[in-house]
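Visitor: Below is the sequence, then the predicted model.
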Protein chains: 2
Amino acid sequence: MSDLTLPPQATQVGLAVDVAAFAMHAGELRVLLVQRGALPHARDWALPGGFVHPGEELHEAALRELRTETTVELEPRHLEQFFTFGEVNRDPRGRIVSVAHLAVLPHGTVEVSGGGHTLGAAWQSAHQPPPLAFDHRAILDRALGRLQLRLEYANLALEFLPDTFTLPELQGVYEAILNRKLDKRNFRKRLLSQGTLTPSGERRSGVGRPAQLYRRAKGTRTPAL
Amino acid sequence: MSDLTLPPQATQVGLAVDVAAFAMHAGELRVLLVQRGALPHARDWALPGGFVHPGEELHEAALRELRTETTVELEPRHLEQFFTFGEVNRDPRGRIVSVAHLAVLPHGTVEVSGGGHTLGAAWQSAHQPPPLAFDHRAILDRALGRLQLRLEYANLALEFLPDTFTLPELQGVYEAILNRKLDKRNFRKRLLSQGTLTPSGERRSGVGRPAQLYRRAKGTRTPAL
DNA sequence: GCAAAAGTGTTATGTGTACACCCATGC
DNA sequence: GCATGGGTGTACACATAACACTTTTGC
């Protein structure tokens, strides 16, 4: 760092963002993938992502890529940078540094189709993804780790669900993210004792005994980052 | 991402690293700062850092900046990327994205002097630093948070000490990092019960009763990242 | 013998975990 | 009435936090 112009050794690199966007589908944790339409790695699956535009903040770029590479209409409920992948040879086109983001999309975000220059987009199993382009498998693995860390800490599970939900549904989100079964009684005790849920008094019908509906207690929303 | 050449909207940005390097001095947690020798922010204190060279990995750049901006001879015991600062206007020279790193330097890393294009370097209070250039105060604050998180998790406290150390010294490291007092008996019980320390049988002399020396138990070293 | 720092146990409280049966509804 | 999923309580192990006095050394 020496004067008001960039010094010659200042590497100019391509700055990109990639987004690991998660949602629940059919009781399973899914990640949003796009099928690449161009080289390199044409037709391979990849995380949505692309280059940051001039004057664009990192999180804005992440949101834009979500919206244009896939037809996702809903706002992410959570968006957070979690690691920067900058290995010299991670991309055959040159030195490209990618700031990876973790996003949580709410329930109901079902329909996606390829937008922009991708062939398609789909929700796929987060724990058993198809082969991915570039180093995206490493990015996904790290995103899963971060998601599991954040789960308890920031009440992230609620962001996967609609405004009202049942305790078994909430437990399903925990189990899908942690990839293991939890004990029903201990789960209920823990969640209810932390006081972040209020019963909404109604019940939902289906097969078997109807479940109590809950909603997030007022003032328990955690800030985005 | 479209073909094997970078597309026109690919923002070329300056890629930098900054390093928050911590060590214990005089029973206090200190951070290594350099006094800038050039504009912008000439004469202000800043975290050591600078541009990544072509073909250089991020962590290599972090190590190089530590060695050339300050005369630090010792290897960091821990080096970890923790956040990427990319706000559009964080640097008056243009779009510069900085991948911030956390480093822990071992005991004995006492003498530093400015190297390269800095006026000087010094260990300063990590919890009450002087005013810092750019957004380095925000970087430092986040580094402190990460250091506190990692403390228990990865036995990071041992990296601040020489090979053998006393329990009161180790407790001092915890207290300096967490910025609060701990209970001596509970601390000893907790640390000894986790089985990562072995008594080295010797004793160190000074004022008051000599303390038992310990060393890290074999096979308890945690991987760098 | 006194100053200075090291070392030592018990109790109360909270938290995590394991575990099996009854309840309400739709068909 | 039966299949389906929802809802409930207790006991034990373990971790955490609070708390005060004795021991060893140098001078």
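Guide: Received it, and whenever you're ready, just let me know what you need.

Visitor: Which parts of chain A are strands?
Guide: A:12-25, A:28-36, A:45-46, A:49-51, A:78-85, A:96-104, A:118-125, A:164-166, A:197-204, A:211-216 (DSSP state E).

Visitor: ok, and which of those has the densest surroundings?
Guide: Counting by mean count of other Cβ atoms under 10 Å in any protein chain shown, strand A:96-104 has the highest mean neighbour count of the strands of chain A, with a mean of 26. To be clear about C-beta, it is placed using only N, CA and C from the backbone, and glycine gets the same treatment.

Visitor: What helices and strands are in contact with that strand?
Guide: Where contact means 3 or more Cβ pairs under 8 Å, 6 or more residues apart in numbering or on different chains; DSSP states H and E, strand A:96-104 is packed against strand A:12-25, helix A:58-69, strand A:78-85, helix A:136-153, strand B:96-104.

Visitor: Relative to A:Leu105, which of the ones you listed is closest?
Guide: Among the helices and strands packed on strand A:96-104, strand A:12-25 comes nearest to A:Leu105, with 4.3 Å by Cβ to Cβ.

Visitor: by how many degrees do the closest one and helix A:136-153 diverge?
Guide: Interaxial angle, strand A:12-25 versus helix A:136-153 (axes from the mean of the first three to the mean of the last three Cα atoms, to 10 degrees): 60 degrees.

Visitor: Which strands border strand A:12-25, and is each parallel or antiparallel?
Guide: strand A:28-36 (antiparallel), strand A:49-51 (antiparallel), strand A:96-104 (parallel), strand B:12-25 (antiparallel) (DSSP bridges).

Visitor: Report the rounded mean pLDDT for that strand.
Guide: Strand A:12-25 comes out with an average pLDDT of 94.

Visitor: so which of the strands paired with strand A:12-25 gets nearest B:Pro199?
Guide: Nearest to B:Pro199, of these and by Cβ to Cβ, is strand B:12-25 at 21.8 Å.

Visitor: That closest one: how far from the chain's middle?
Guide: Relative to its parent chain, strand B:12-25 has a centroid offset of 9 Å by Cα atoms, centre = their mean, to the nearest Å.

Visitor: Can I get that strand in CSV, CA atoms only?
Guide: C-alpha atoms of strand B:12-25 as CSV (Å, rounded to 0.1, in the frame of the first residue of the first chain):
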residue,chain,number,x,y,z
GLN,B,12,-11.1,-6.5,-11.9
VAL,B,13,-10.3,-5.5,-8.4
GLY,B,14,-7.2,-5.1,-6.3
LEU,B,15,-6.8,-8.2,-4.1
ALA,B,16,-5.2,-7.6,-0.7
VAL,B,17,-4.7,-9.4,2.5
ASP,B,18,-4.6,-7.9,6.0
VAL,B,19,-3.3,-9.7,9.1
ALA,B,20,-4.4,-9.3,12.7
ALA,B,21,-1.5,-10.9,14.4
PHE,B,22,-1.8,-11.4,18.2
ALA,B,23,0.7,-12.2,20.9
MET,B,24,0.9,-11.9,24.6
HIS,B,25,3.1,-9.1,26.0
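
Visitor: does DNA strand C sit close to that strand?
Guide: No. Strand B:12-25 stays clear of DNA strand C (Cβ under 7 Å from any atom of the strand), getting no nearer than 14.6 Å.

Visitor: Need the pLDDT of A:Ser2.
Guide: 38.

Visitor: and A:Leu66, what does it touch?
Guide: A:19, A:21, A:32, A:48, A:72, A:76, A:103 (Cβ atoms under 8 Å, 6 or more residues apart in numbering or on different chains).

Visitor: hmm, back to that, out of the strands paired with strand A:12-25, which is closest to DNA strand D?
Guide: strand A:28-36 (15.8 Å; Cβ to the nearest atom of the strand).

Visitor: and chain A, which of its residues are near DNA strand D?
Guide: A:166-168, A:184-186, A:188-189, A:206-212.

Visitor: Hmm, which of those residues is lowest in pLDDT?
Guide: Within the residues of chain A next to DNA strand D, lowest confidence goes to A:Gly206 (85).

Visitor: For it, give its distance to B:Phe160.
Guide: 57 Å (Cβ to Cβ, to the nearest Å).

Visitor: got it, and A:Arg146?
Guide: The value you get for A:Arg146 to B:Phe160, if Cβ to Cβ is used, is 27 Å.

Visitor: and those two? which has more neighbours close in?
Guide: Taking other Cβ atoms under 10 Å in any protein chain shown, A:Arg146 and B:Phe160 do not tie; B:Phe160 has more neighbours (25 against 17).

Visitor: what's near enough to touch the more buried one?
Guide: B:22-24, B:77, B:104, B:106-107, B:173.

Visitor: count of residues packed around A:Asn179?
Guide: Residues near A:Asn179, counting by other Cβ under 10 Å, number 11.

Visitor: and it, backbone torsions?
Guide: phi 60, psi 40 (degrees, to the nearest 10).

Visitor: show me what contacts the closest residue to it other than its chain neighbours?
Guide: Nearest-residue entry for A:Asn179: A:His127, 5.5 Å, with adjacent residues in sequence omitted and distances by Cβ to Cβ, 6 or more residues apart in numbering or on different chains. Each residue near A:His127 by Cβ under 8 Å, 6+ apart is listed here: A:29, A:144, A:179.
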